[in-house]
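> Only the shape, not the letters, is given here:
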């Protein structure tokens with residue numbers, strides 16, 4: 001099976017072409033990620049934050065409890081089947097960088113599986129004196145005897161790629177290796193791969209990377225030859241987000257595909273037959289995948305096909321060879337409604353598994369391939385968020401499922417599609433779920449749209465310190481899931497936790513997102529602020545006791561709450577944020593997000609971006625709630641300059657701000673469990689001190 005969205009993983013940095021000067025922005029120098037002056041500023045700002053927030057017994061308890069959860073050996077070791085073995089990557093207290101290992105299903109079903117360790121990242125880092133952080137392993141099919149291992153220094157997106165011989169547990173001399181870059185690489189056969197990386201200037205005079213910092217040139221690289229000499233099979237435009245290539249290994253249906261992402265949500269997909277590029281004539285914003293001789297299409301905007309119109313988020317299936325020949329006969333497999341949206345679909349040898357959300361609750365439908373009739377799927381829990389972790393669509397009906405809720409820890413279920421499945425692994429409880437209740441509420445946004453949100457609290461807590469979490473972007477849905485860290489370090493201590501399903505996400509299908517793109521961005525902030533107001537109106541909290549937290553795009557959300565709605569909050573936690581929306585597209589991967597936010601260099605688009613861009617809307621006169629801003633020096637996705645400049649400007653204006661920058665950790669902000677526990681404890685300690693009063 002080939003899926004355009006999953007054809008390749010990107011494993012650089014973009015030159016800043018801005019004409020912004022220090023006269024326009026006196027803190028431009030803080031964008032020098034590893035400059036001596038900038039790092040001295042970071043250390044000077046880390047020190048008082050750490051001195052203030054880490055000196056209490058409560059902080060020590062919060063950190064220890066978080067680390068216990070992250071390091072416990074009782075966690076589920078999630079696996080992916082590759083041939084006869086189940087593979088897992090595992091971190092714990094003894095192996096903070098992690099182990100790549102494998103076992104058999106028979107062993108996995110026992111309480112103490114016998115794991116065969118293939119790569120010990122801690123030992124490797126020590127031997128090579130490198131700060132290696134594991135990224136991924138991509139194995140060749142069908143032998144599964146070689147793996148392309150991606151590791152980064154300090155957790156960055158840019159990674160080094162090496163070829164590993166699984167049988168001998170050794171790195172392959174003169175194998176497929178790539179230096180540090182945001183590369184894409186995938187197997188064609190034992191001796192051939194598709195590769196996109198920083199090849200330098202190309203014959204057409206342009207570089208090999210897009211303005212977003214991802215590959216724009218794909219080469220077919222044969223073992224034993226220099227990568228630079230590999231022939232180019234496909235190239236996109238410098239202004240694209242990225243190009244990728246993949247080979248469908250399915251026996252009897254072997255095909256080569258390439259795709260060109262013209263922006264974050266639009267893509268041109270081709271089948272390669274020799275030198276011929278056959279365009280798949282589907283909407284560029286559609287999710288398209290080919291499985292056997294079926295083509296599955298989920299458009300993100302309304303689509304008319306074969307004389308019939310379908311709403312965004314519909315799932316249709318076509319006969320692939322017939323479609324290429326011009327036929328448009330199809331079967332509708334899912335139609336969205338006002339309450340229900342498609343989240344994902346996957347395949348087993350006999351079935352199509354469709355996961356949908358109905359008012360942010362999971363529903364599962366299993367259909368027989370070919371005639372598309374629905375069949376029962378017994379054994380899955382009700383009122384849980386269910387996901388498909390792994391299938392083996394070419395060889396079996398085996399499925400590994402995950403199920404969880406706000407109060408039920410994750411469980412791993414196993415069995416064949418369409419037959420009874422059983423729980424084979426269970427995460428232990430980390431807080432008293434019997435004493436906790438989860439509720440769903442709806443509140444109208446400024447335009448009247450009902451916005452759902454979840455409230456999770458101890459049954460005996462009816463009001464008090466409340467933490468509101470949100471994201472609102474890129475069609476990412478926030479679904480119910482076990483709150484191990486928040487449950488122990490916030491809810492059990494008497495805090496109320498809230499998750500807002502605001503527009504910009506995908507909870508109600510593509511339109512829930514698309515209406516909040518570009519000029520509609522204000523809807524995200526109106527939705528979140530409406531939830532904040534409703535929490536107070538219901539008596540759950542007060543503005544002084546209401547905090548909010550978000551990271552990345554959610555960090556931008558926090559920046560807008562700070563500047564536009566400061567009166568609603570008693571404290572904010574703003575993590576790895578986008579802040580300077582005038583320059584975001586010039587920094588690291590920022591150019592890839594212009595389809596989400598707009599182009600600040602276009603006056604018409606800057607007109608609405610400038611209305612909410614936090615950096616440009618900070619003032620000396622307003623009263624802002626206390627804010628904790630965190631980021632990572634090694635975040636090569638969202639530039640740490642955003643967070644640094646926000647703090648510098650707030651300090652200049654005399655506002656209450658605390659800052660912590662991890663010198664490593666990537667976009668997640670932490671490179672290992674210890675760092676993640678520290679970062680979590682820092683945020684909760686800040687919140688307990690600001691909005692928690694005597695609680696906690």
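In hand now; what should we look at? Small disclaimer: the values here were computed from a predicted structure and weren't measured. Numbering: from 1, shown residues only.

> Would you map the helices across the stretch 501-650 of the chain?
Taking DSSP state H, counting those that start in this stretch to define them, one finds helices in the stretch 501-650 of the chain at 510-514, 522-537, 553-564, 594-597, 603-612, 614-617, 641-652.

> what residue ranges in this structure are flagged as low confidence?
1-23, 664-671, 693-696 (pLDDT under 70).

> Look at the most centrally placed residue in it and give its secondary structure.
By C-alpha atoms, centre = their mean, the mean C-alpha position of the chain lies nearest to residue 476, the distance being 8.1 Å. Three-state call for residue 476 (DSSP: H, G, I helix; E, B strand; the rest coil): coil.

> so the residue lying closest to it once chain neighbours are set aside bridges to which residues?
Residue nearest to residue 476 in three dimensions, not counting chain neighbours: residue 505, with 5.5 Å by C-beta to C-beta, 6 or more residues apart in numbering. For the C-beta atoms, the positions are set from N, CA and C on the backbone; glycine is no exception. With DSSP bridges as the criterion, residue 505 is bridged to residue 503.

> right, and residue 505 touches residue 511 too?
No - between residue 505 and residue 511 there is no contact under C-beta atoms under 8 Å: 11.4 Å.

> So the two - more neighbours on which side?
residue 505 (24 against 18; other C-beta atoms under 10 Å).

> what's near enough to touch that one?
Shown in contact with residue 505 (C-beta atoms under 8 Å, 6 or more residues apart in numbering): 471-473, 475-478, 512-513.

> Now tabulate these in TSV and tack on distance to residue 530.
Shown next, in TSV, are those (distance: C-beta to C-beta, whole Å):
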residue	distance to residue 530
471	16
472	12
473	17
475	20
476	20
477	19
478	16
512	15
513	18
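
> Compute the distance between residue 351 and residue 293, please.
16 Å (C-beta to C-beta, to the nearest Å).

> So for these two, which sits in the more crowded spot?
Neighbour tally, residue 351 and residue 293, criterion other C-beta under 10 Å: the higher count belongs to residue 351, 23 against 14.

> Leaving out the residues flanking it, which one is nearest to that one?
Distance criterion C-beta to C-beta, 6+ apart; nearest residue to residue 351, sequence neighbours excluded, is residue 417 at 4.1 Å.

> One more: residue 185?
Nearest non-adjacent residue to residue 185 (C-beta to C-beta, 6+ apart): residue 195, at 4.8 Å.

> So that neighbour, which state does it fall into?
strand.

> My guess is it contacts residue 230. True?
Yes - counting by C-beta under 8 Å, residue 195 touches residue 230, with 7.0 Å between them.

> Mind listing the shared neighbours of those two?
219, 221.

> more crowded one of those two?
A direct count of neighbours by other C-beta under 10 Å for residue 195 and residue 230 places residue 195 higher, at 24 against 18.

> How about the backbone phi and psi for residue 151?
For residue 151, the backbone dihedrals are phi -140, psi 150 (criterion: degrees, to the nearest 10).

> cool, and residue 26?
phi -70, psi -10.

> can you check the one 4 residues further on too?
Backbone torsions for residue 30, taken as degrees, to the nearest 10, come to phi -70, psi -10.

> Run through who's touching the helix or strand that contains residue 258.
Residue 258 belongs to strand 255-263 when elements are defined using DSSP states H and E. Residues outside strand 255-263 that contact it (C-beta under 8 Å, 6+ apart) are 2, 4, 7, 188, 218, 233-234, 236-237, 240-248, 267-273, 277, 284, 290, 592, 594-595.

> and the residues you listed, which of them are in helices?
Counting by DSSP state H, the contacts of strand 255-263 place 594-595 in helices.

> Buried members of the contacts of strand 255-263 into ChimeraX, please.
Remark: buried members of the contacts of strand 255-263, expressed as a ChimeraX selection using 16 or more other C-beta atoms under 10 Å:
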select :2,4,7,188,218,233,234,236,240,241,242,243,244,245,246,247,248,267,268,269,270,271,272,284,290,592,594,595
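
> Within the sheet, what are the partner strands of the strand holding residue 258, with directions?
strand 242-248 (antiparallel), strand 266-273 (antiparallel).

> Any idea how far the last one is from the middle of the chain?
So that's strand 266-273. 24 Å (C-alpha atoms, centre = their mean, to the nearest Å).

> Please apply the same query to stretch 430-438.
On C-alpha atoms, centre = their mean, the centre of stretch 430-438 falls 27 Å from the chain's centre.

> Same check on stretch 430-440?
Averaged C-alpha coordinates place stretch 430-440 at 26 Å from its chain's average position (C-alpha atoms, centre = their mean).

> Pull up the distance across that stretch, start to finish.
22 Å (C-alpha to C-alpha, to the nearest Å).

> What residues sit buried inside that stretch?
430-431, 433, 436, 438.

> if you look at the residues you listed, which of them are in strands?
Counted as lying in strands by DSSP state E, out of those, are 436, 438.

> Let's have the buried residues of stretch 430-440 in a markdown table, adding distance to residue 78.
Below are the buried residues of stretch 430-440 laid out as a markdown table (distance: C-beta to C-beta, whole Å):
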| residue | distance to residue 78 |
| --- | --- |
| 430 | 17 |
| 431 | 22 |
| 433 | 21 |
| 436 | 25 |
| 438 | 24 |
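
> now, the most widely separated pair of the buried residues of stretch 430-440?
430 and 438 (15.5 Å; C-beta to C-beta).

> my guess is residue 470 contacts residue 554, does it?
Yes - in terms of C-beta under 8 Å, residue 470 counts as a neighbour of residue 554; the distance is 6.0 Å.

> Residue 320: what's its closest spatial neighbour, skipping adjacent residues?
residue 295 (4.2 Å).

> contacting residues around the one you found?
280, 288-289, 317-320, 323.

> go with 7 Å
Residue 295 makes contact with 288, 318, 320, 323, according to C-beta atoms under 7 Å, 6 or more residues apart in numbering.

> same deal with residue 481?
385, 404 are the contacts of residue 481 under C-beta under 7 Å, 6+ apart.

> can you confirm it is in a helix?
No - counting by three-state DSSP, residue 481 is not part of a helix but coil.

> Next, it: phi, psi?
The phi/psi pair for residue 481 (degrees, to the nearest 10) is phi -150, psi 160.

> For it, give its distance to residue 409.
Distance from residue 481 to residue 409, by C-beta to C-beta: 10 Å.

> and if you look at residue 62?
For residue 62 relative to residue 409 (C-beta to C-beta), the value is 20 Å.

> now residue 258
42 Å.

> now swap in residue 289 and tell me
32 Å.

> which among the buried residues of stretch 430-440 gets closest to residue 115?
Closest to residue 115 out of the buried residues of stretch 430-440 is residue 430 (23.7 Å), distances taken as C-beta to C-beta.

> any idea how far residue 70 is from the nearest residue to that closest one once chain neighbours are set aside?
Sequence neighbours aside, residue 484 is the residue nearest to residue 430 in space, at 4.6 Å (criterion: C-beta to C-beta, 6+ apart). Residue 484 sits at a distance of 9 Å from residue 70 (criterion: C-beta to C-beta).

> the strands in the stretch 201-350 of the chain, which residues?
Assignment of strands within the stretch 201-350 of the chain using DSSP state E, counting those that start in this stretch yields the ranges 217-222, 232-235, 242-248, 255-263, 266-273, 276-279, 287-291, 294-298, 303-305, 308-310, 315-319, 330-334, 340-347.
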